[in-house]
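> sequence and predicted model, in that order:
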Amino acid sequence: MNINIPQSYFSKLMRAVVEFELIENGDRILIGVSGGKDSIFLTYALAILRERLKKDFYIAAFTVNPQFDKVFDTGSIAAFCKNLNIPYEVVDVDIAGAIAAQNDKSPCFTCAFFRRGVVNRYAVAHKMNKVAYAHHHDDAVETFLMSLFYSGQLSTFRPKTYLDKTDITVIRPLVYFREQEIINAVQYHGFTPIPSPCPHNGNTTRQTVKELIAKLCTDNPNLYHHLAAGMRESALGELWPASKTRREMEHTYQAFMQRT
């Protein structure tokens, strides 16, 4: 298989790898592959890096079958990985059942929780020291806004995160790619992503925030770039101090109430 991407794409990939030190000699990297456009492109991109970088690292691919449908055909993923000389495996996990059993929680939260757990356990069992996920730049910006809207925190995922409980490092090599760039690449190369089996696909909090950003950008073309800038630690400006507890305020309160 002749694999290649435009130089501008390779530059974005290398910027993430170099800036966040995502790949080292001797790494064993497990790619989380859902079969969607993002994870398919990530698999392709890491195969290119394996060829071009002066680093000795191993990659393998892994899919969690969430059992939303009776039939989840991963044959095209297996063939794709075989053409790239990437070992591939699928594990069935009853995430659909877990979601049904926890109807008081967000289905997206439950799904992500179980997927991460399965992938991390598989990585540890197969002596992989890193897990690569296909989150892109739009995902990071959307997560940043979701965190503010739904938890009151300024937070998003990092390009590189060490998990001390499992001794696994999570890397996200596509963090400088816009979603549309990945769509263009997948279409250009003729890849056929697997449609998401999730019954909640297109009807999630993330989708709501994605559409809100797109709508606001029609009036303010710089809005997306400002949100992206706000994700950096250097962006913090004037903020209120942390909220105090009753105990912390008790002394000051009593001083106001006592006569001098």
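Looks like it came in fine.
> show me the residues around residue 175 that make contact.
Residues near residue 175 by Cβ atoms under 8 Å, 6 or more residues apart in numbering: 16, 20, 135-137, 140, 159. Every C-beta, even on glycine, is put in place using the N, C-alpha and C of the backbone.
> okay, and it sits in which element?
For residue 175, there is no enclosing helix or strand under DSSP states H and E.
> now it: closest residue in space that isn't a chain neighbour?
Spatially, and ignoring its direct neighbours in sequence, residue 175 is nearest to residue 159 (4.7 Å; Cβ to Cβ, 6 or more residues apart in numbering).
> on the three-state scheme, residue 61 is what?
For residue 61, the assignment made with DSSP: H, G, I helix; E, B strand; the rest coil gives strand.
> contacts only, for it.
The contact partners of residue 61, taken as Cβ under 8 Å, 6+ apart, are 30-31, 33, 43, 77, 81, 86-89.
> just the residues you listed: which are in helices?
Counted as lying in helices by DSSP state H, out of the contacts of residue 61, are 43, 77, 81.
> any chance of those in TSV with pLDDT as columns?
Formatted as TSV, these follow (pLDDT from 0 to 100):
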residue	pLDDT
43	96
77	93
81	95
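> and which of the residues you listed is nearest residue 148?
residue 43 (31.9 Å; Cβ to Cβ).
> tally of neighbours for the residue nearest to residue 175?
Neighbourhood size, residue 159 [other Cβ atoms under 10 Å]: 19.
> same check, this time on residue 151
9.
> for the stretch 51-200 of the chain, what spans make up the strands?
For the stretch 51-200 of the chain, the strands defined by DSSP state E, counting those that start in this stretch cover 58-65, 88-92, 130-132, 160-163, 168-171.
> so which of the ones you listed is the most surrounded?
Mean neighbour count, computed with mean count of other Cβ atoms under 10 Å, is highest for strand 130-132 among the strands of the stretch 51-200 of the chain, reaching a mean of 24.
> show me what that one is packed against.
strand 28-32, helix 107-125, strand 168-171 (3 or more Cβ pairs under 8 Å, 6 or more residues apart in numbering; DSSP states H and E).
> again, 6 Å this time
When contacts are defined as 3 or more Cβ pairs under 6 Å, 6 or more residues apart in numbering; DSSP states H and E, strand 130-132 packs onto strand 28-32, strand 168-171.
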